[in-house]
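[1] generate a structure from the sequence data that follows.
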Amino acid sequence: MSPAAAVDAPLDLAATAARVRQLARDMGFQRCGISGVELAEDEAFLADWLDRGLHGSMDWMARHGSKRARPAELLPGTLRVISVGLDYGRRDDAEAWQTLADGERAYVARYALGRDYHKLMRHRLQTLAERIAAEIGPFGYRVFVDSAPVLERALARNAGLGWIGKHTCLIDRDGGSWFFLGEIYVDLPLPVDAPATSHCGTCARCIDVCPTGAIVAPHRLDARRCISYLTIEHEGAIDPELRPLIGNRIFGCDDCQLVCPWNKFARRTDEPDFRARNDLDTATLPELFAWSEEEFLRRTEGTAIRRSGHARWLRNIAIALGNAPATPAVLEALESRRDSADPVVRDSVEWALDRHAGTARPR
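    Next up, the predicted model:
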């Protein structure tokens, strides 16, 4: 075959798909699959969820309309989606439960203990796309890691990475749910993988364990009651009725994943970037409450926690302190922020002190 004929040879799509999966593994992704772009049922489910107002103040969920469920509208020419999963879980389920049971310690969602996964995954996905192009030639693509309106869990399910559990997280029967998702939209008509099938059965542990009852029905989450939403996305004061239920969770919540029986198969990782920083897996509430804004910004640089901002960080910890034992350290911490310039922080501190009425130190 002449060189010219070789250049003009049609692309072996099946071989390319297999190569994509191998390259993804070489890049450190533990799972990879390919799906089409048809998401009509998921689009209808999303529309109903939005119509019911279950997204709370997350207006960005509805802002881009159909683009979220129609990949070809977001990126014209898209024919397939390559979905990848990157494990982040550690073998610390027992330690996580111990932290939740210790009211004076702070609980941070496992995904947020280390470096922000967005940059790491986006870099790896970009490198993956470039390596594919180096082997098959130029093609149209775009990389996504929570950076645009994408129904990532539905696409990952269709790519065979796992099913959407009753808690709305993706579950891989061979690897649990402790993994991040990322996507590459491509204009290549690659063969698709078989969608994952559900294996939750009659189990309802995630629904039963939710501290605030946010999982109002299987596969339906009311974000307005979700601790992850309240401590990360929600601005302003948190509903006083929900504050006692938050416990010592200051950034996110993992209860529904910690209790999931499929996570006994979770593939744990020791990715250096995901190791806990600032002793966040063992820190006490008073210690973290003492961080000035400068210290907060310095310590949380490059982490997901920084997006909350210092005031929201203090609001969350003040509520947790209100749920903590009334130890001298807890009461002193609250008194130190009683005159905070931020009205939401000040309100949360006063609420916490009221919870400890009779034990608070006089001003």
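
[2] double-check that Ser57 belongs to a strand.
    No. With the criterion set as DSSP: H, G, I helix; E, B strand; the rest coil, the secondary structure at Ser57 is coil rather than a strand.

[3] which residues are in contact with it?
    With contacts defined as C-beta atoms under 8 Å, 6 or more residues apart in numbering, Ser57 is in contact with 233-235. Every residue, glycine included, has its C-beta placed from N, CA and C.

[4] mind giving me JSON lines with these and columns for neighbour count and distance to Gln22?
    Conversion of the contacts of Ser57 to JSON lines gives the following (neighbours: other C-beta atoms under 10 Å; distance: C-beta to C-beta, whole Å):
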{"residue": "Glu233", "neighbour count": "17", "distance to Gln22": "37"}
{"residue": "His234", "neighbour count": "21", "distance to Gln22": "42"}
{"residue": "Glu235", "neighbour count": "11", "distance to Gln22": "44"}
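
[5] which among these gets closest to Asn323?
    Comparing those against Asn323 with C-beta to C-beta picks out His234 as the nearest, at 17.4 Å.

[6] please verify my assumption that the closest one contacts Gly56.
    Yes. At 6.7 Å, His234 counts as touching Gly56 under the criterion of C-beta atoms under 8 Å.

[7] which residues of the chain score low on pLDDT?
    For the chain, applying pLDDT under 70 flags the ranges 1-8, 358-363.

[8] go again with 80.
    Counting by pLDDT under 80, the ranges of the chain that qualify are 1-9, 65, 89-92, 267-270, 358-363.

[9] what ranges does it have for its strands?
    Remark: strands assigned in the chain by DSSP state E are 31-35, 80-87, 107-108, 141-144, 163-164, 170-171, 179-186, 215-217, 220-221, 249-251.

[10] can I get these in a markdown table with mean neighbour count?
    Converted to a markdown table, those look like this (neighbours: other C-beta atoms under 10 Å):
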| stretch | mean neighbour count |
| --- | --- |
| strand 31-35 | 25 |
| strand 80-87 | 26 |
| strand 107-108 | 27 |
| strand 141-144 | 21 |
| strand 163-164 | 20 |
| strand 170-171 | 24 |
| strand 179-186 | 24 |
| strand 215-217 | 15 |
| strand 220-221 | 19 |
| strand 249-251 | 27 |
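
[11] these into TSV, with extra columns for distance to Lys119?
    Converted to TSV, the strands of the chain look like this (distance: least, C-beta to C-beta, whole Å):
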stretch	distance to Lys119
strand 31-35	20
strand 80-87	12
strand 107-108	19
strand 141-144	12
strand 163-164	26
strand 170-171	21
strand 179-186	11
strand 215-217	30
strand 220-221	27
strand 249-251	18
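
[12] quick one: which of those is nearest Glu73?
    When the strands of the chain are ranked by proximity to Glu73, the top entry is strand 179-186, at 11.0 Å, counting by C-beta to C-beta.

[13] what strands line up against that closest one, and which way round?
    Looking at strand 179-186 with DSSP bridges, its partner strands are strand 80-87 (antiparallel), strand 141-144 (antiparallel).

[14] what lies in contact with the last one?
    Applying C-beta under 8 Å, 6+ apart, the contact partners of strand 141-144 are 75, 122, 125-126, 129, 133, 150, 152, 182-187.

[15] mind doing that once more with 10 Å?
    Strand 141-144 has contacts (C-beta atoms under 10 Å, 6 or more residues apart in numbering) with 71, 74-75, 77-78, 80-83, 121-130, 132-133, 148, 150, 152, 155, 181-188.

[16] gap between Phe251 and Gly140?
    Counting by C-beta to C-beta, to the nearest Å, the gap between Phe251 and Gly140 amounts to 38 Å.

[17] buried residues, stretch 22-30. List them.
    23-24, 27, 29-30 (16 or more other C-beta atoms under 10 Å).

[18] max pairwise distance over these: which two?
    Longest distance between any two of the buried residues of stretch 22-30 is 13.6 Å, between Leu23 and Gln30; criterion C-beta to C-beta.

[19] give me the common contacts of His234 and Gly56.
    With C-beta under 10 Å, 6+ apart applied, the overlap between the contact sets of His234 and Gly56 consists of 223-224, 226.

[20] format the residues you listed as TSV; extra columns: neighbour count and distance to Glu104.
    As requested, the shared contacts of His234 and Gly56 are exported to TSV (neighbours: other C-beta under 10 Å; distance: C-beta to C-beta, whole Å):
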residue	neighbour count	distance to Glu104
Ala223	20	28
Arg224	18	28
Cys226	26	24
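
[21] all set, thanks.
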